[in-house]
Structures are given as C-alpha cells and as structure tokens.
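# Generate coordinates for the sequence data below:
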Amino acid sequence: MTTSIAAGSTWHQSIVQQLHDRNSTQVRPYKDVVAQHSATLAREKTLLLRVDALEKELSMLRVENNDFKRERSMMKEMGGDVVKNKAQIVDLELKAQRLQEELTASYKKSSENTQQLLDMTQKAKTLTDEIKSKDEELAMWRARDQAHEENIKKMHHLIEQKDETIGIMQTEHTTIQLQLTTQDKKLASIQAENDQLVARWLQRAEDQASKMNETNELYDRSLALQLQVETLQKQLQAANLAAIAAGSSSNPYRPSMLDLASAAPTVRLPSKPRKKLVNHSGEVTMAAFSPSGQQIVSGSSDKTVRIYDAMTGTPKSPLMGAVQGVMCVRFSPNEEFVLGTSNDNTARVWHIEQGRVRHTLTGHIGKVFAGVFGGDASRVITGSHDRTLKMWDLNKGYCTRTMICHSSCNDIALSPDGMLLVSGHLDQHARVWDGRSGDMIQDLNTIHENQITSVSLNPTGERFLTNSRDHTLKIIDMRTFEPVFCLKDETYRNGLNWNRACWSPDGIYVAAGAADGSVYIWNALSGKLERVVSNRNGHTGTISSCTWSPDGMWFVSTGDKDKSVLIWEP
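Residues are numbered from 1 along each chain as shown. Okay, the predicted model is just below:
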C-alpha cells in the first residue's frame with residue numbers, strides 16, 4: 001500500500017514539474033515583450049498628451065496669427081508703423097512654421113507610434129490568446145490532476161479494502177489449513193482403521209472358508225468311507241455267492257473292437273453363414289453346444305436363456321428367472337440341465353424339460369461372469385468379480401469350497417477329467433487350480449499385458465488357450481506352464497471383456513471373434529493364421545463368443561450388438 005501511495009505522489013509531482021517547465025518555456029520569455037508593450041502604451045499616452053498640447057498651442061498661434069493679420073490689415077488701413085509690425089509678423093510666421101514642423105514631426109511620430117502600437121496590440125492579442133489557450137490547457141491539466149488525485153484516493157481506499165480482505169482471507173486460509181490438517185489426520189486414522197478392518201474381514205473370510213472347506217472335507221470323507229463299507233459288503237456278498245455257485249459256466253460276452261475304438265471328429269472350418277437366429281432383445285453374451293451337438297444354448301443381457309435345435313434353429317421357450325443379464329451358459333453332461341451365471345451375483349441351474357429354475361446358487365457378492373459343471377450334473381464351479389471362485393454341491397445345495405483369487409474372474413475352464421481348473425482374471429493373471437481340492441497350483445502373471453477375457457482347455461487337457469484385451473491369444477503348456485504359441489494378427493482386435501475363444505474338437509484349430517464381426521482361425525499346431533472369415537452377411541458388430549459343435553461340423557458365434565446367434569457352415 002505504501003508503495004502505491006509513493007507511486008501516486010511521484011506521478012503528481014511529475015505533472016506539476018511539467019507545468020512549471022511549460023511556464024518556463026512558454027510564459028517567461030514573453031514577460032519582456034509584455035513589459036515593452038506596457039512601456040510603449042505609456043509612451044504613446046505621453047505623446048498623445050504632447051500632441052494635444054501642441055495642437056492647443058498651434059490653435060493659439062493660429063488665433064494670434066489671425067489677430068496679427070487682422071491688426072495688419074487694420075494698420076494698413078490706418079497707416080501705422082508698418083516696419084515694426086512687419087518684423088513681428090516675420091517672427092510670428094517663423095514661429096508658426098517651426099511649430100508646424102514640430103506638429104508634422106509629432107504627427108509622423110504619432111503615426112509611427114500608432115503603427116507600432118497596432119503591431120504590439122496584435123502581438124499582445126496573439127500572446128493573450130496563446131496565454132488563454134495555455135490557461136485553458138493548464139485548467140484542463142489541473143482538472144485531470146484533480147481527477148487523478150481523486151482516482152488515487154479511490155485506489156488507496158480500494159487498496160485498503162483489498163488489504164483488509166486479504167487479511168481476512170489469510171486468516172480464513174490459516175483456519176482452513178488447520179482444519180484440513182485435522183481432517184487429514186482423521187482420514188489417515190480412518191484409513192488405517194479401515195485397512196485393519198479389511199484385513200480382519202479378509203482374514204475372517206479366509207478362516208471361515210478354511211473351516212467350511214475342512215467341514216466339507218470331513219463330510220466327504222465320511223461319505224466316502226460309507227460308500228467303501230457298502231462296496232466291501234457287496235463284494236463280500238458276491239464272493240459268498242460265487243463260492244456257492246462254484247463250477248458254473250463263465251460269461252460268454254466279450255467286448256468287440258468296435259466298442260473299444262474311438263473315432264476322432266472331422267473338423268470343418270466355417271466359411272459362410274447358414275442361419276442367423278435373432279430371438280434375444282439384448283446383447284448375446286455366449287452360446288454353447290450340448291454334449292451331443294443336437295442343441296444350442298445362449299445367454300443374453302435381456303435376462304433370458306434360450307435353447308435351440310442345432311439343425312433347424314427352432315427356439316424353445318426362454319428360461320426365465322435371472323434378475324440381470326446372463327453372462328455364461330453351459331449344458332450339463334447329461335443334457336438335463338443348463339447352467340447360467342448372471343450379473344445379479346447368482347448362478348442358476350434350470351431343468352430343461354420343465355423350464356424352471358432347479359437351483360439358485362447365492363453367495364457371491366459380485367457379478368458372476370463364468371461357470372462350469374464339474375464333471376457331472378451334481379457339481380458346479382463359478383467365478384465372480386468378487387475375486388473368488390466357488391465350488392457347489394447341487395445335491396447338498398450349498399457351497400463346498402471358496403477359493404480366494406485376489407482379482408475379478410472373467411472366465412474359467414475345467415479339464416476333461418475334472419482334475420485341473422483354469423481361471424482368467426482382470427489383473428492379467430491366469431491361475432491353475434486343483435479341480436478337486438481347490439488348491440492353487442500355478443499363478444501365471446506374465447503371459448499377457450491386459451486382462452484375460454477367456455480360457456479354454458484342448459480336448460486332451462494338455463494345453464489351454466487364453467484370449468486377452470491386448471489383442472493376442474496364447475497357447476500354454478499345462479506341464480511347463482510356458483507359452484507355446486502367441487496367436488495374433490495386425491487386424492485382430494478383441495472388443496469385449498468377456499470375449500470367449502475356443503478350440504476345435506480335434507485340438508488342431510483355435511478360433512476367436514473380433515471387434516469388426518470377423519472370425520479369426522489359427523492352426524494350433526503351427527501357430528499360423530489359417531483363415532479369416534469376414535463379416536459379410538454375418539455379424540454387424542463385435543463377436544462375444546464362438547464354439548464348434550462336438551462333431552466339428554458346425555460353428556456358432558454370438559453377436560454383442562446385433563443380438564444374434566449365427567450358425568456357420570463349411
């Protein structure tokens with residue numbers, strides 16, 4: 001504030017000094033002229049007075065001259081002394097001539113003085129006008145100076161107000177900083193308390209899961225022991241019967257080679273759409289074939305599950321019951337049930353013939369993205385975004401084991417013999433579990449650079465496939481847990497967090513749907529791209545899943561935005 005006042009005073013002094021300088025250069029030089037003009041006026045006045053006196057004297061002389069002339073005439077007429085009067089007349093004429101000359105000189109001097117007076121008057125008028133202009137300019141500058149002084153006073157007042165405001169704000173700022181420091185301390189305390197509570201909750205959850213797993217193991221052991229006892233009793237009874245019937249003939253039946261032979265399916269690569277099924281009102285998330293290949297099941301964000309005849313594409317009545325979108329669907333091995341996992345944090349098992357929900361599996365606290373039947377229709381495994389996997393016994397109707405996986409699960413896959421379980425997660429990890437006990441075997445954390453959207457095992461269970469949002473697929477050896485091939489293409493883009501890739505039934509090919517609606521097929525034995533099936537006459541948007549029929553004849557893909565299930569033919 002002091003600096004501002006000093007600056008205002010300096011500016012005011014500068015204007016005053018400029019006015020003084022202007023007076024020094026424009027007013028003072030004319031002081032002599034004005035003084036000379038005044039002296040000239042005084043001299044003119046004196047000369048005018050003298051002229052008046054001379055004129056009066058001339059008038060008197062003229063009167064005297066006229067009197068002398070009149071007297072001379074009278075004397076001539078009277079005959080007086082002419083000589084004496086003549087001398088007087090000559091003197092008077094000389095005196096009159098001298099006075100006339102002085103009068104003429106006075107007139108001449110008066111004329112010069114008058115002209116000089118006119119010049120001086122004009123010059124004085126010019127100077128007066130200039131002085132008047134300068135006075136007006138000076139008045140203007142004084143008015144401006146006064147206005148500036150008023151503005152300076154206002155600015156000083158405003159600065160004082162601002163200083164007071166700044167002082168108040170600084171006080172408030174200090175108070176807020178103190179409050180913020182206090183709140184930070186409270187927040188740190190609350191965060192520490194929250195971390196302790198979360199750690200205690202996780203520990204408690206793990207303890208409860210361990211206790212539940214131990215209880216289930218004890219129950220399973222008791223059932224196994226009971227079955228062993230019953231089996232031993234049956235064997236003992238059979239042995240007694242065999243001893244009684246000693247000597248009887250042996251069974252004549254022998255299995256033929258045809259019964260023991262197994263033919264590998266012939267896989268045909270898709271080339272063009274055969275039938276497009278549009279029965280859902282929302283995005284189709286997944287489709288799967290039944291073990292026999294005669295039926296297809298699909299799940300959708302419209303909260304329904306639909307089953308179709310694989311040959312004709314004829315849909316059955318939708319399976320209802322989900323509160324939110326269905327993310328994953330599977331047939332049971334005996335084709336009697338359908339499993340569907342949902343965003344409503346539950347998994348449901350529908351009875352196909354009855355069209356009703358048989359089991360509702362609740363226990364997850366996050367979206368359930370994946371589920372599989374565990375070898376038979378009585379066992380289910382689910383993966384959720386609550387960072388857990390759960391094993392369910394449908395005969396008992398509850399969860400038998402909970403596995404903590406520390407990241408949201410996008411997909412799971414079970415080996416054909418049910419011994420190994422693979423899960424793909426949001427944290428880019430693929431985890432391998434014991435399919436029976438639920439213990440983790442291996443945590444693979446370097447195979448992808450973005451989240452894994454699907455996992456699947458080949459028909460022999462020796463390798464598994466991962467699909468990722470880093471737009472690559474990896475084939476992993478189950479014995480070494482090392483990548484065998486990295487499958488990619490410049491134009492392939494994985495467009496969904498639940499985009500599911502698949503193996504062909506013979507394990508030779510791998511297929512995945514792309515964001516542009518095309519299907520990419522790689523050779524799993526060489527790692528090379530085999531074929532790209534374009535989206536012409538196919539899907540109009542991102543593909544969410546694809547799968548082969550068990551016999552390798554048909555290929556099915558699902559569209560996310562076009563709400564369709566597409567059956568392809570060779």
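# Show me where the stretch 251-400 of the chain has its strands.
All strands of the stretch 251-400 of the chain, identified by DSSP state E, counting those that start in this stretch, fall at 272-277, 284-289, 295-300, 305-309, 326-331, 337-342, 346-351, 356-362, 368-373, 379-384, 388-393, 398-404.
# what lines up beside the last one in the sheet?
Meaning strand 398-404. Using DSSP bridges, strand 398-404 pairs in its sheet with strand 388-393 (antiparallel).
# Quick one: mean pLDDT over the strand it pairs with.
Here strand 388-393 scores 94 as its mean pLDDT.
# again with stretch 32-52
pLDDT averaged over stretch 32-52 gives 77.
# before we move on, what about stretch 464-473?
On average, stretch 464-473 scores 96.
# Can you give the distance from it to the centre of its chain?
29 Å (Cα atoms, centre = their mean, to the nearest Å).
# what sits up against it?
413, 422, 424, 428, 430, 447-458, 474-476, 478, 486-488, 492-494, 497, 499-503, 510, 512, 522, 524 (Cβ atoms under 8 Å, 6 or more residues apart in numbering). For glycine as for every other residue, the C-beta is placed from the backbone atoms N, C-alpha and C.
# does T346 really touch L361, like I thought?
Yes: T346 is within contact range of L361, at 6.1 Å (criterion: Cβ atoms under 8 Å).
# all helices for the stretch 1-150 of the chain, in order.
Along the stretch 1-150 of the chain, counting by DSSP state H, counting those that start in this stretch, helices occupy 2-26, 31-78, 82-244.
# Figure out which of these is closest to H280.
helix 82-244 (36.3 Å; Cβ to Cβ).
# by how many degrees do the closest one and helix 31-78 diverge?
Angle, helix 82-244 to helix 31-78, by axes from the mean of the first three to the mean of the last three Cα atoms, to 10 degrees: 160 degrees.
# which other helices and strands contact helix 82-244?
Packing contacts for helix 82-244, counted by 3 or more Cβ pairs under 8 Å, 6 or more residues apart in numbering; DSSP states H and E, involve helix 2-26, helix 31-78, strand 398-404.
# Nearest to T175, out of those?
So among the helices and strands packed on helix 82-244, helix 2-26 is nearest, using Cβ to Cβ, at 27.8 Å.
# tell me the average confidence for the closest one?
67.
# Same question for stretch 422-435.
pLDDT averaged over stretch 422-435 gives 95.
# Now do that stretch: distance from first to last residue.
9 Å (Cα to Cα, to the nearest Å).
# Low-confidence stretches in the stretch 101-250 of the chain?
Filtered on pLDDT under 70, the stretch 101-250 of the chain yields the residue ranges 216-217, 219-220, 222-223, 233, 236-250.
# contact partners of stretch 523-531?
Here stretch 523-531 has contacts from 269, 458, 463, 465, 475, 484-487, 489, 503-504, 507-510, 520-522, using Cβ under 8 Å, 6+ apart.
# And it, what's buried?
Within stretch 523-531, the residues that qualify as buried are A524, counting by 16 or more other Cβ atoms under 10 Å.
# just stretch 389-396 next, same as before
In stretch 389-396, counting by 16+ other Cβ under 10 Å, buried: 389-394.
# Do I have it right that E206 meets I404?
Yes: E206 lies in contact with I404 (Cβ under 8 Å); the separation is 6.3 Å.
# what do the two both touch?
With Cβ under 8 Å, 6+ apart, E206 and I404 have no common neighbours.
# nearest residue to A377 other than its sequence neighbours?
The shortest distance from A377 to any non-neighbouring residue, by Cβ to Cβ, 6 or more residues apart in numbering, is to S332 (4.0 Å).
# What's the separation between that neighbour and A413?
16 Å (Cβ to Cβ, to the nearest Å).
# try L103
146 Å.
# quick one, which of those two is more surrounded?
A413 (23 against 17; other Cβ atoms under 10 Å).
# Strands along the stretch 401-550 of the chain, start to end?
Going by DSSP E, counting those that start in this stretch, the stretch 401-550 of the chain shows strands at 409-414, 420-425, 430-434, 440-444, 452-457, 463-468, 473-477, 483-487, 502-503, 509-513, 519-523, 529-533, 543-548.
# Nearest to L41 among those would be which one?
strand 463-468 (112.4 Å).
# Just checking: what are the partner strands of the closest one?
strand 452-457 (antiparallel), strand 473-477 (antiparallel).
# CA atoms only: put the shortest one into PDB for me.
Extracted C-alpha coordinates of strand 473-477, given in PDB (Å, rounded to 0.1, in the frame of the first residue of the first chain):
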ATOM      1  CA  LEU A 473      -4.100 -65.300 -27.800                       C
ATOM      2  CA  LYS A 474      -1.700 -67.600 -26.000                       C
ATOM      3  CA  ILE A 475      -1.400 -71.400 -26.000                       C
ATOM      4  CA  ILE A 476       0.000 -72.600 -22.700                       C
ATOM      5  CA  ASP A 477       1.600 -76.000 -22.000                       C
END
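# any idea of the angle it forms with strand 420-425?
Using the same axes, to 10 degrees, strand 473-477 lies at 150 degrees relative to strand 420-425.
# Return the set of buried residues in strand 473-477.
Buried residues in strand 473-477 (16+ other Cβ under 10 Å): 473-476.
# Could you do the longest one as well?
Residues of strand 452-457 classed as buried by neighbour count (16+ other Cβ under 10 Å): 452-457.
# That one to strand 440-444, inter-axis angle?
130 degrees.
# What of the last one?
Using the same axes, to 10 degrees, the direction of strand 473-477 lies 140 degrees away from that of strand 440-444.
# Strand 473-477 to strand 483-487, inter-axis angle?
Using the same axes, to 10 degrees: strand 473-477 against strand 483-487 is 160 degrees.
# got the angle between strand 473-477 and strand 519-523?
30 degrees.
# Isn't P315 up against H280?
No: in this structure P315 lies outside contact range of H280 using Cβ under 8 Å: 9.7 Å.
# Comparing these two, which residue is more hemmed in?
H280 (25 against 16).
# Find me whatever residue is spatially closest to V533, sequence neighbours aside.
V519 (4.2 Å).
# before we move on, what about L389?
M403 (4.2 Å).
# what's the answer for E57, then?
L99 (6.6 Å).
# follow-up on the earlier one: most tightly packed of the helices and strands packed on helix 82-244?
Among the helices and strands packed on helix 82-244, strand 398-404 has the highest mean neighbour count (mean count of other Cβ atoms under 10 Å), at a mean of 18.
# Quick one: residues in contact with that one.
Counting by Cβ under 8 Å, 6+ apart, 202, 205-206, 209, 212-213, 216, 220, 361, 363, 387-393, 433, 437-438, 440 sit against strand 398-404.
# A35 and K123: what is the separation?
13 Å.
# ok, back up a step: just give the number of residues close to the residue nearest to A377.
21.
# tell me the contacts of it?
Contacts of S332 (Cβ under 8 Å, 6+ apart): 338-339, 349, 373, 376-377.
# do L117 as well
40-41, 44.
# let's go with 7 Å and repeat that
L117 makes contacts with 40, 44, as judged by Cβ atoms under 7 Å, 6 or more residues apart in numbering.
# next one: the one 3 residues further on
When the contact criterion is Cβ under 7 Å, 6+ apart, the partners of M120 are 37, 40.
# Distance check, it against M320.
M120 is 121 Å from M320, by Cβ to Cβ.
# got it, and S437?
In terms of Cβ to Cβ, S437 sits 36 Å off from M320.
# Same check on T314?
19 Å.
# Neighbour count: those two, which is higher?
Legend: neighbour count by other Cβ under 10 Å for T314 and M320, higher for M320 (13 against 10).
# Not counting sequence-adjacent ones, nearest residue to that one?
T304 (6.1 Å).
# still on that earlier bit, put together CSV for the strands paired with strand 463-468, with distance to H157 on each row.
Below are these laid out as CSV (distance: least, Cβ to Cβ, whole Å):
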stretch, distance to H157
strand 452-457, 69
strand 473-477, 76
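# Please name the residues that touch M140.
Neighbours of M140 in contact, by Cβ under 7 Å, 6+ apart: none.
# Please tell me how far it sits from K153.
In terms of Cβ to Cβ, M140 sits 20 Å off from K153.
# Also K275?
91 Å.
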